[in-house]
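Student: need coordinates for the below:
(one chain, ligands or ions: 2)
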Amino acid sequence: MNEITGAGWNETPDGEAGPDEVNETVDAGGTEPSVDGAGADNVHETTGPGEAGFPDAVGNRTTEADVNEAAEADESVPPPAAVSRTTIVAIANQKGGVGKSTTAINLGASLAIQGEKVLLVDLDPQGNATSGLGVDRSSITSSVYDILISDMPPEDIIEPTSVRNLHVIPATIDLAGAEIELVSTFSREQRLRNGLKSLDDDYDYIIIDCPPSLGLLTINAMTAADEVLVPIQCEYYALEGVGQLLKNVELVTNNLNPALIVEGVVMTMYDGRTNLANEVVQQVRAHFGETAYDTIIPRTVRLSEAPSFGEPIEAFDEMSRGAIAYRELGREFRRRHGRT
Ligand code: ADP
Ligand code: MG
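Tutor: Ligands and ions are numbered 1, 2, ... in the order given. Presented below is the predicted three-dimensional model:
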């Protein structure tokens with residue numbers, strides 16, 4: 001257990017996404033982004049008290065009026081997307097090893113099994129969501145890189161998976177260079193949003209698995225998305241960096257995507273035998289209130305084994321605690337989205 005945790009924390013060095021990088025990346029509009037942490041009003045139904053390092057998350061879903069007002073105030077803010085049947089969810093946390101890819105795969109599979117049509121977009125050069133869904137990375141000829149860099153239509157890239165109704169846009173290692181290549185590209189923050197547009201209403205949910213950083217790839221995901229879902233690992237320093245993440249969401253809502261909200265926080269790798277895990281749960285609930293999902297994902301070996309078989313936990317071991325938890329997360333997600 002410690003092995004996994006340790007690897008996770010070390011993957012992403014702290015300070016990787018300092019304020020400098022953020023400003024450089026998001027400052028496309030004329031609005032001066034507020035980074036004082038005082039006004040993340042884009043967190044969904046949050047009741048938790050503010051604490052040092054945390055944006056005072058008190059707001060609700062952004063209304064259409066808010067969006068129009070923001071768009072009028074600053075012409076560089078793009079107008080809200082036309083009402084679409086598809087909800088795009090970015091799974092983001094700049095820490096590595098917190099359960100982003102595991103949640104992307106298994107929430108995606110769970111929603112698909114419950115009858116939703118789901119597309120998973122792998123936006124991490126490590127390609128864990130791609131391989132975890134059984135797509136052989138060495139045989140792929142096109143990937144999400146081609147959407148970002150060469151305007152390739154997504155229809156030409158989408159791969160089926162072993163789960164009915166679950167498709168994937170794979171990632172290959174060349175995505176690692178995309179972040180640098182994008183810097184000099186026109187509307188570099190909006191490449192993914194524009195690229196996914198042609199899919200329109202083909203899917204109920206598009207889930208984007210973000211890389212462990214707050215660079216241009218994650219900014220592209222947040223600009224394309226309607227919602228951010230934040231996995232938080234029930235371990236030491238669980239909340240470290242979350243304030244920075246919320247500030248980034250705020251920067252994106254101020255400059256690029258006014259309708260973006262933090263829809264949820266999901267606690268992962270919970271080990272009920274430790275006091276620490278229970279403390280983290282309390283802390284997260286205090287900070288995030290109803291934004292935190294009731295469902296908590298337990299730490300289980302089966303969840304960590306499934307990706308090497310290229311299967312979501314539902315296919316790998318449907319009776320396991322991990323499968324039950326992600327099934328329940330899918331149900332709760334659908335309830336929150338008015339689907340049940
Ligand atoms: P991220 O995408 O945030 O880097 P991952 O989803 O890849 O995180 O998870 C990091 C590691 O922890 C992986 O090896 C994964 O298999 C494992 N893991 C994720 N969730 C769980 C869990 N609930 N129980 C046990 N292992 C897990
Ligand atoms: Mg990952």
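Student: so what's residue 181 closest to, chain neighbours aside?
Tutor: residue 149 (5.8 Å; Cβ to Cβ, 6 or more residues apart in numbering). To be clear about C-beta, it is placed using only N, CA and C from the backbone, and glycine gets the same treatment.
Student: and the one you found, backbone torsions?
Tutor: phi -100, psi -40 (degrees, to the nearest 10).
Student: how many residues are close by it?
Tutor: Residue 149 has 17 neighbours, counted by other Cβ atoms under 10 Å.
Student: who's in contact with the residue nearest the centre of the chain?
Tutor: Nearest to the mean C-alpha position of the chain, counting by Cα atoms, centre = their mean, stands residue 91 at 1.2 Å. For residue 91, the contact set (Cβ atoms under 8 Å, 6 or more residues apart in numbering) comprises 100, 103-104, 107, 207-210, 228-231.
Student: from ligand 1, how far out is it?
Tutor: To ligand 1, residue 91 is 8 Å away according to Cβ to the nearest ligand atom, to the nearest Å.
Student: next: residue 332.
Tutor: Taking Cβ to the nearest ligand atom, one finds residue 332 at 16 Å from ligand 1.
Student: quick revisit: what's the PyMOL line that selects buried ones from the contacts of residue 91?
Tutor: To isolate the buried ones among those in PyMOL, judged by 16 or more other Cβ atoms under 10 Å, type:
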select buried, resi 100+103+104+107+207+208+209+210+228+229+230+231
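Student: what is the burial count for residue 106?
Tutor: Other residues close to residue 106 by other Cβ under 10 Å number 27.
Student: point me to the helix or strand that includes it.
Tutor: Element membership for residue 106, per DSSP states H and E: helix 100-113.
Student: the residue of the stretch 201-340 of the chain found nearest ligand 1 sits in which helix or strand?
Tutor: Relative to ligand 1, the nearest point of the stretch 201-340 of the chain is residue 304 (3.6 Å; Cβ to the nearest ligand atom). Using DSSP H and E, residue 304 sits within helix 301-305.
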